[in-house]
Structures are given as structure tokens and as C-alpha cells.
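Enquirer: how would this look folded up:
(one chain, ligands or ions: 1)
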Amino acid sequence: MALLGEISLPGDKSISHRALMFTALSDGLSRLENLNPGADVATTQLALINCGIPIEEKHGVVYVQGGGLRPFKQPVHAIECGNSGTTSRLMMGLLAAHPVHVQFTGDHSLSKRPMDRVFRPLQQMGANIFAHERKYLPVMLSGRDLWALDYQLPYASAQVKSAILLAGLHAKGETTVKSPAFSRDHTEQMLKAMGARIKVKGREVTVHKLTKPLKPIDFVIPGDFSAAAFFIAAALLVPDSDLILRGVGINPTRIGFLKAVQEMGGKITIANKAKHHGEAVADLRIRTSRLKGIQIYPEQVANLIDELPLIALLATQAEGETVVVGAEELRVKESDRIEAIVTNLSAWGAKIFERPDGFHVEGPTPLLGGVVKTYDDHRIAMTLGIAGLISKLPAVLDNPACVDISYPGFFDELRGLLN
Ligand code: S3P
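Expert: Okay, the predicted model is just below:
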């Protein structure tokens, strides 16, 4: 059995959320191709429709009719954010300066994730926001005029950075966000491409209040690097594989995983580089490789945060020790991903040990396979699904459907590549 052939990935989830939200602030019709088909992005689409933004899909292409500087209407329903941290956090920033009264709700997992990291800085800008136990969803927001903020983030978070910048688009003055490490910069790239006044100086980003609407865009969303990462891991691990992934987003702030697996000895080549609206895209070719353990340092974490469960899996098959530190943010994702990955891989016989801020792994060890507790977390489900390709017994997931959050059809795509 090998992974052979080539595929294209669904559109990048982070970029898809942003494309829907930012085009709402434009003064024309935007055309979005290859929008991520998962439930999270559909949640953002519904939230915007709920706020009066006309969005239509025709032949797989999504059209957003921007409404200019003040496009939002009072929503009829609460903004139901489902499982999506990006919807909840970015929409709070987007709506904070608009004349709407909204309630944000979420599913069981999202209702346990911290929201104060977003609404505290928004409150400092003057936003009217109240939260359950001062921290969690449901959150009530009443939009009003804001003033600018100069904010030092305590951790590198693209969601929080983006929420503040979005609020800054309607705040009086210049809003600056400083980050302790580089986090994904899709917000900065897209706002620049759409004509906002935005300045990036190292880890510091400044936006000016919008004086005119953003420009509409025609955008083919790059393939999701975080989705590509599952196929990269699979091709590295499954013997005799040779796989090509077409049109993958390789924004430098997203590809920490690529660099890490190359350091582990992964054979990956990059071809056909191009750039659209500031986002780099390329084809990747991956071949089965002998891997060795590595150390992941805190400053690398933000650029591979969503791929760390895959690093854990690869480390179980790598020669020597792999150590990940400074990754405590993993505990507040869709699940506590440190606990989730360590529990599953150790139940399968791996030598993986939990740390408060990460994990360490001694490899290589064979994996037994069998039952997987997904914690209803799409990335845990897909990681263990890949692990099941090299384990003695197949992986049996307690909730395989949770992959629909970011990648409906993931398992069919994977099966189609196996020869
Ligand atoms: C995201 C940022 C990251 C990431 C999440 C998507 C985004 O979260 O884990 O999957 O689209 O901005 P944080 O910014 O909270 O680290």
C-alpha cells in the first residue's frame, strides 16, 4: 500500500473566513472561488447573512455583495458560532463598532474556550460586551463608536490580532497590535490587497480608520496548508509513497510544519510558486522518508500550532527524541489537543509524554491501532485517521463525522490515493 497520485486541497479555512467577512466591507461584488467547504466557514457565511450581507453560491463560486463602510443590519437571530473560534472572535471585532445588538453562542466545545482574550481589548476600545462568567460564550455585544488602541498581545494569536485590527478599521485614530511572535498574517495581506491603510513593521501591525469602503476582490482561495499537512504526513509515513499536492497555500507564517518535517528528514520539494492577493501558492511533492526526532521551540509554535498533533504522530515513527515546548495554547483549541494526542497515541503503544506546555516523544515505536477518542475535534480525528494507515489494526474513530468542520470528504480523498 502506498499513497500515489495528485490532489488539490479545499480552500484555506482561515483565508475563507476572512474573505467572507472583509468583502462585506467592500463597495461591490466579490467573487470567491475554492472557499473552504467545511462547517466552520458555513457558520461565518450564515452569521454574515444574518447581519444582512447578501451572499450567494453559483456553480461552486461564492459571491458576496459588499455594503460599504456600514453594511451590517440588526440580526434577527443570535449569531450561532457552532464549533468555530475564528467566527466568534473575528465577528466580535468586525461588529464592535456597528449599530447592532447581538448575542454570540457556540457549541459545547466553543462554550468552554476563552473569549475574554478578544473582548478585553475590544472593551478597552470602548466596546460594550458582556460574557458568561466574564469569560465565555454566550457573549452580548452592543456596537458603538470606538477609539483606537495600542495593544501588546500576551501570546501570538492571529484570531485576537485580527479581531482588534477589524475593530480598528472603524475606530478613531490608528490601532496597533504587537505580538510576541509571528502569527498567521492573512488579515494583513487581505486588508492590504483590498486597499486598507495598514502598516506592518516586524511583529507590529497598525491600521487606520477606513475612510472609504474596501475594494471588492476576485480570489481563488489557496489550498489549505493545514489540510495538506495530513497528506504530507501520510505520504512521509506510508512506504513507497510519492504524492503531489497542487495549489497549496505556502504563506511563510503558515508553513512551520513544512520546515519542521524537512528538518526531520522529510523529502518534500516545492514547485510552480505563484502569488495571489499577497498569498503564496505552490505545488508540493512528498516522498516516503526516514525521519529523525527534533526540538520545537516556543517561537516556532504559532506557525505550526494546528499541525502539532501531526508532529506528535511523525515523532512516534522518527528515530530519537522529539520535544515540543511553549505550546500551552494547544490546550484551548477545539479540544485540549495535548491531552487528546497523548491519550490516543499512548493507548496505541507510543512513548509519548505530556508536559504542561507540550509533549515529548521517544521514537520509533510500532502503533497498535484500534479505538480513537476524537474529542469531537476534526484535527485529532484526521491525525489518528492517518496514524491508522501504519498501525497494526485500523483506526476506529468514535466520531469520524467531526472532520466536516474543515474537510468534508477527507477520508474518501485519502482512500482514493491508496494503491
Ligand atoms: C486561526 C488562528 C489560530 C488557529 C485557528 C485559526 C485564524 O488560532 O489555531 O485554527 O484563522 O486566525 P489562534 O489565533 O487563537 O492561535
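Enquirer: and the helices in the stretch 51-200 of the chain, which stretches?
Expert: Assigned by DSSP state H, counting those that start in this stretch, the stretch 51-200 of the chain shows helices spanning 85-95, 116-124, 158-168, 186-193.
Enquirer: quick check: angle from the last one to helix 85-95?
Expert: For helix 186-193 against helix 85-95, the angle between stretch directions is 40 degrees (axes from the mean of the first three to the mean of the last three Cα atoms, to 10 degrees).
Enquirer: pLDDT (mean, whole number) over helix 186-193?
Expert: The average pLDDT within helix 186-193 is 98.
Enquirer: who does that helix touch, helix- and strand-wise?
Expert: Applying 3 or more Cβ pairs under 8 Å, 6 or more residues apart in numbering; DSSP states H and E, one finds that helix 186-193 contacts helix 13-23, helix 158-168, strand 198-201. The way it works is simple: take the backbone N, C-alpha and C, and place the C-beta from them, glycine included.
Enquirer: tell me the contacts of the nearest residue to residue 51 once chain neighbours are set aside?
Expert: Spatial nearest neighbour of residue 51, chain neighbours left out: residue 72 (4.4 Å); criterion: Cβ to Cβ, 6 or more residues apart in numbering. Residue 72 sits next to 24, 51, 52, 53, 95, 98, 100 when contact means Cβ atoms under 8 Å, 6 or more residues apart in numbering.
Enquirer: how much space separates residue 72 from residue 159?
Expert: 20 Å (Cβ to Cβ, to the nearest Å).
Enquirer: and for residue 269?
Expert: 32 Å.
Enquirer: those two: who's more crowded?
Expert: Neighbours per residue (other Cβ atoms under 10 Å) separate residue 269 from residue 159, with residue 159 holding more: 22 against 11.
Enquirer: make sure that one is actually in contact with residue 91.
Expert: No - applying Cβ atoms under 8 Å as the test, residue 159 and residue 91 come out as separate, 10.8 Å apart.
Enquirer: for residue 364, grab the count of nearby residues.
Expert: What residue 364 shows, counting by other Cβ under 10 Å, is a neighbour count of 18.
Enquirer: then the one 4 residues further on?
Expert: Residue 368 is flanked by 12 other residues according to other Cβ under 10 Å.
Enquirer: give me the secondary structure label for it.
Expert: coil (DSSP: H, G, I helix; E, B strand; the rest coil).
Enquirer: pretty sure it sits against residue 394.
Expert: No - using Cβ under 8 Å as the test, residue 368 is too far from residue 394 to be in contact (10.8 Å).
Enquirer: what parts of this structure come near the ligand?
Expert: 14, 86, 157, 158, 159, 162, 183, 184, 305, 306, 329 (Cβ under 6 Å from any ligand atom).
Enquirer: so how far is residue 47 from the last one?
Expert: According to Cβ to Cβ, residue 329 and residue 47 sit 24 Å apart.
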